[in-house]
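K.L.:
Build me a model:
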Amino acid sequence: MRRRSFFKTTALGGSVVALSGVSACVSNEHINTEINLADFELNEITMQELQQKMKAGELSAESICQKYLDRIAVVDPHLKAVIELNPDALSIAKSLDEERKNGKVRGPLHGITIMIKDNIDTGDKMQTTAGSLALEGNVAEEDAFIVKKLREAGAVLLGKTNLSEWANFRSTNSSSGWSGRGGQVRNPFCLDRSPCGSSSGTGAAVSGNLCTIGIGTETNGSIVCPSGINGIVGIKPTLGMWSRRGIIPIAHSQDTAGPMCRNVSDAAILLGALAEFDPNDGETHLEQGKIYNDYTPFLKADGLKGKRIGITSQMIPSNEKVKALFIEAVQTMQKNGMELVEDLEFEHNRKWGQPSYEVLLYEFKADLNKYLAEHPSAPRKSLAELIEFNNANTDKEMLWFGQEIFIEAQEKGDLSSEDYLKALEESKRFAGKEGIDALMDEHNLDALIAPTNGPTWSIDWVNGDSFTGGSSSPAAISGYPNITVPMGFVDGLPIGISFFGRAWSEPVLLEIAYAFEQLTKHREAPDFRKSLM
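P.N.:
Model prediction:
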């Protein structure tokens, strides 16, 4: 199923280096194919391990930063996961080392390198373009809310990651991970396979050990799918837990940023570090719940004990090998104290998709026009101007697919439209109150589970994506949390398992996800095969 079909018919899916534009300008003839891309001194290292090494004087923030920059120079020509590096990264790291020498450690993110998706504003020398040539030159005047918190926490912003252009909301025939500015992101487990989208660059960079941790954004599946397909942990938080201010939008009623990391512990640390209600964020339909600045107390090795978990049968893909992995995962959880409720079905499984897509079209036009108007350096000031730019630059921007979603959105009215308000109410009710909430209340559940993804597909610029299953829609449309963790491999390709539930239920989902991770340890570093054959 192609990406735009994933939005439209969500029921079916159950759903030393130059410091700018690194990936986009490296040609294949300069790639050294004899280098072992899997070999790296900091492979799979965690935040806690890095903190211990910095405390002991074995490493410094500056030396860690340089090691990642050197790795990016070698590996990223193969992945095209990095769209731009931060020219100030080493100086930031050096200043954080000085703070440490003077007895100041800001917290668990102090000196930790992070990559963020190229739709998140940074008030520095880097651009924010959503991967598009139409927004080249857009240098934000200030940091996004979550980037301010990152800097305050002492993280080293290493650079920005490539993505599916415009967060995969331009064409019904797109290739996940392709952008006009950054080229095609590739899956580090198999380089001719899709990294899924739209946070494809973050998924590939984190999985390929180009940074310690990463941030993606999701409207529907764009954190959990690239996390599952690249074999990492992804958290899509409850809407409003992380501010969306300063992020190029699709739709304020579904958009959120979230952690993408190699393990649940790092993801929980990052989740809490940036969690804060922002009164100036775009409106959200959810009442604010309990927000913690530290989610690590919920990481319990026995977190499955006493938990009552339901299987959403409509979201199990047809692939028999994926089914077998899922059965094995469920049996492992049952042996460790989980109570299972099987064969659950969403009553409105085929009703939430079309209303949600209508909402995205309306909100994309309104929210994007607002973002562009508020950014003085943005070279285009409206969706209409973006459409005009793409039409004038078809040889660069529309080589492989068009902009029919842009055109469809441009034809929509404003957010006072009765059609919009009806679609908004229906999509939230079908996925939330009469979806996740109803199913969990009826069966007294702590969480719902389903495979995150099927095996990744071959990159195909002519025909676009060929999705092989997914379970992101109910949590994405309702605005509720979703955590994906590696579940194993099918023919050497990663498969994830998703844990999702009620709004603000991150604590219980983290208990379950962490316990499952610790029991199974399915995460493996990628081997950068050229193909499966």
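K.L.:
Model confidence score at Ala140, please.
P.N.:
Reported pLDDT at Ala140 in the predicted model: 98.
K.L.:
Skipping adjacent residues, who's closest to it in space?
P.N.:
Nearest residue to Ala140 in three dimensions, chain neighbours excluded: Asp121, at 3.7 Å (C-beta to C-beta, 6 or more residues apart in numbering). The way it works is simple: take the backbone N, C-alpha and C, and place the C-beta from them, glycine included.
K.L.:
From Ser377, how far off is the one you found?
P.N.:
Distance of Asp121 to Ser377, given as C-beta to C-beta, to the nearest Å: 11 Å.
K.L.:
same question, Lys149
P.N.:
The value you get for Lys149 to Ser377, if C-beta to C-beta is used, is 23 Å.
K.L.:
Who has more neighbours out of those two?
P.N.:
Lys149 (20 against 12; other C-beta atoms under 10 Å).
K.L.:
Give me the contacts around the helix or strand where that one lies.
P.N.:
Per DSSP states H and E, Lys149 falls inside helix 145-153. Contacts of helix 145-153 from elsewhere in the structure, counted by C-beta atoms under 8 Å, 6 or more residues apart in numbering, are 106-107, 109-110, 114, 116, 120-123, 142-143, 157, 215, 242-247, 257, 273-274, 276, 278, 281.
K.L.:
Just the buried residues out of those, in ChimeraX syntax.
P.N.:
Per 16 or more other C-beta atoms under 10 Å, the buried members of the contacts of helix 145-153 correspond to this ChimeraX selection:
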select :106,107,109,110,114,116,120,121,122,123,143,157,215,242,243,244,245,246,247,257,273,274,278,281
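K.L.:
So which of the contacts of helix 145-153 are in helices?
P.N.:
The members of the contacts of helix 145-153 that map onto helices under DSSP state H are 273-274.
K.L.:
measure Gln410 to Glu388 for me?
P.N.:
From Gln410 across to Glu388, the span is 10 Å (C-beta to C-beta).
K.L.:
between the two, who's got more neighbours?
P.N.:
It is Gln410, of Gln410 and Glu388, that has more neighbours when counted by other C-beta under 10 Å, with 17 against 13.
K.L.:
would you say Tyr514 is within a strand?
P.N.:
No. Counting by DSSP: H, G, I helix; E, B strand; the rest coil, Tyr514 falls outside a strand, being helix.
K.L.:
what's the neighbour count on it?
P.N.:
Tyr514, neighbours per other C-beta under 10 Å, totals 26.
K.L.:
Contact partners for it?
P.N.:
Each residue near Tyr514 by C-beta under 8 Å, 6+ apart is listed here: 264-265, 268, 298-301, 303.
K.L.:
now these: which count as buried?
P.N.:
Buried residues within these, counting neighbours by 16+ other C-beta under 10 Å: 264-265, 268, 298-299, 303.
K.L.:
These into TSV, with extra columns for pLDDT?
P.N.:
As requested, those are exported to TSV (pLDDT from 0 to 100):
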residue	pLDDT
Val264	99
Ser265	98
Ala268	99
Phe298	98
Leu299	98
Gly303	98
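K.L.:
From these, pick the one nearest Glu347.
P.N.:
Taking C-beta to C-beta as the measure, Glu347 lies nearest Gly303 of the buried ones among the contacts of Tyr514, at 29.4 Å.
K.L.:
re earlier: just give me the closest of the contacts of Tyr514 to Asp465.
P.N.:
The closest of the contacts of Tyr514 to Asp465 turns out to be Val264 (C-beta to C-beta; 27.8 Å).
K.L.:
separation between that closest one and Gly228?
P.N.:
Taking C-beta to C-beta, one finds Val264 at 14 Å from Gly228.
K.L.:
again, but for Thr217
P.N.:
Thr217 is 16 Å from Gly228, by C-beta to C-beta.
K.L.:
quick one: Leu415 is in a helix?
P.N.:
No. Counting by three-state DSSP, Leu415 is not part of a helix but coil.
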